[in-house]
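Enquirer: curious how this folds, go ahead:
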Amino acid sequence: MAEITASMVKELRERTGLGMMECKKALTEANGDMNKAEDLLRIKSGAKASKAAGRIAAEGVIGSYVSPDGKIGALVEVNCETDFVAKNEEFLNFAKACAQLVAEHDPADVEALSKLKMASGQTVEEARQALIMKLGENMAIRRIARFATSGRLSVYLHGNRIGVMVDLNGGDETLGKDIAMHVAASKPIAVSKEQVPAETIEREREIAKARALESGKPANIVDKIVEGSVAKFLAEVTLLGQPFVKNPDQSVEALLKSKGATVNSFTLFIVGEGIEKKVVDYAAEVAAAAKV
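Expert: This next block holds a predicted model:
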């Protein structure tokens, strides 16, 4: 039997929003398998799917750049150790400069970006090392995304920790900003239901079926319940299906149609998404040291 730690229970609570004892029981039943425990809770309690924002840990910023004609752009995530450095002007400027280099030179990956030269004449890697020496913290470029379109690119940054780039055909600059802001707030996983991975839909279908059977629903209506649950899920996680954040009575799809616009794609970067940040228990460290 796997050991169920407090940190595991905490993570499952963040994923599902359910109580400590429920989460501990599910983890025990799943023998410590986090994903299996989450599925068990969703079947038994109707908890929603976990959200990426609940897994944010590391510090840093999202740097962005869009060319003057709105045709080429980039997002870059640069991580550091503390929020204090994340607000440093030189650190912010480094992230912005990296984003412009990505847009203008289209490096294949972070390693290729690190070899490009900045306006100072330093390579990106040399500039990063210099910043580490000056600010006294480790920092790293985690990921990059470049965009090129025949339409229009719009970007939205929320506190430099959430960055969204939207590729839009039709509409105007205001619509692009509104759609990018909506993505930052509602965090869809795809533009339309056709773009949602088949394995994601199948997982939802299995959970909905298990939930319906456990609730004692007649077998002859289970399929209808399952398809209804899947349809609801797809509306919640797709951009077109979501209610527009500025006007919940109107879907994003309806808004776009009213403006004669379509969204080709979007990218959402959240600082530290999926990174586990080490939590230091100083009281425990002092207690342990006292026993030595």
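
Enquirer: can you verify my assumption that Val78 contacts Gly60?
Expert: Yes - the pair formed by Val78 and Gly60 meets the contact definition of CB atoms under 8 Å, at 5.4 Å. Bear in mind the C-beta positions are built from the backbone N, C-alpha and C, glycine included.

Enquirer: shared neighbours, these two?
Expert: Counting by CB atoms under 8 Å, 6 or more residues apart in numbering, the contacts common to Val78 and Gly60 are Met139, Arg142.

Enquirer: tell me the secondary structure at Gly171.
Expert: When classified by DSSP: H, G, I helix; E, B strand; the rest coil, Gly171 comes out as coil.

Enquirer: my guess is it contacts Ser258. True?
Expert: No - taking CB under 8 Å as the definition, Gly171 is not a contact partner of Ser258, at 9.8 Å.

Enquirer: residue ranges with poor pLDDT in this structure?
Expert: Under the criterion of pLDDT under 70, the regions of the chain flagged as low confidence span 1, 45-57, 274-292.

Enquirer: domain assignment for it?
Expert: Here the domain parsing of the chain from automatic domain parsing is 1-40, 53-148.

Enquirer: please identify which helix or strand holds Leu213.
Expert: Using DSSP states H and E, the element containing Leu213 is helix 198-214.

Enquirer: got the buried residues for that helix?
Expert: Within helix 198-214, the residues scored as buried using 16 or more other CB atoms under 10 Å are Arg203, Glu204, Arg205, Ile207, Ala208, Lys209, Ala210, Arg211, Ala212.

Enquirer: excluding its backbone neighbours, what's nearest the second one?
Expert: Put plainly, it is Glu204. Once flanking residues are discounted, Glu204 sits nearest to Phe233: 4.8 Å by CB to CB, 6 or more residues apart in numbering.

Enquirer: just the CA coordinates for the helix or strand where Asp39 lies, please, in PDB.
Expert: Mapping Asp39 onto the secondary structure by DSSP H and E places it in helix 34-45. The C-alpha atoms that make up helix 34-45 are tabulated as PDB, following Å, rounded to 0.1, in the frame of the first residue of the first chain:
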ATOM      1  CA  MET A  34      -3.400  10.800  -8.200                       C
ATOM      2  CA  ASN A  35      -5.300  10.700 -11.500                       C
ATOM      3  CA  LYS A  36      -7.200   7.500 -10.600                       C
ATOM      4  CA  ALA A  37      -8.200   9.100  -7.200                       C
ATOM      5  CA  GLU A  38      -9.400  12.200  -9.100                       C
ATOM      6  CA  ASP A  39     -11.500  10.100 -11.400                       C
ATOM      7  CA  LEU A  40     -13.000   8.200  -8.400                       C
ATOM      8  CA  LEU A  41     -14.000  11.500  -6.700                       C
ATOM      9  CA  ARG A  42     -15.500  12.900  -9.900                       C
ATOM     10  CA  ILE A  43     -17.500   9.700 -10.300                       C
ATOM     11  CA  LYS A  44     -18.800   9.700  -6.700                       C
ATOM     12  CA  SER A  45     -19.200  13.400  -6.000                       C
END
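
Enquirer: may I have the helix or strand following that helix exported as PDB, CA atoms only?
Expert: Proceeding N to C from helix 34-45, the next assigned helix or strand is strand 59-66, under DSSP H and E. Output for strand 59-66, consisting of C-alpha atoms alone and laid out as PDB, is shown next (Å, rounded to 0.1, in the frame of the first residue of the first chain):
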ATOM      1  CA  GLU A  59       7.700  32.400 -10.200                       C
ATOM      2  CA  GLY A  60       8.500  34.400 -13.400                       C
ATOM      3  CA  VAL A  61       6.800  36.300 -16.200                       C
ATOM      4  CA  ILE A  62       5.400  35.900 -19.600                       C
ATOM      5  CA  GLY A  63       7.100  38.100 -22.200                       C
ATOM      6  CA  SER A  64       5.200  39.000 -25.400                       C
ATOM      7  CA  TYR A  65       5.700  40.700 -28.700                       C
ATOM      8  CA  VAL A  66       3.500  41.500 -31.700                       C
END
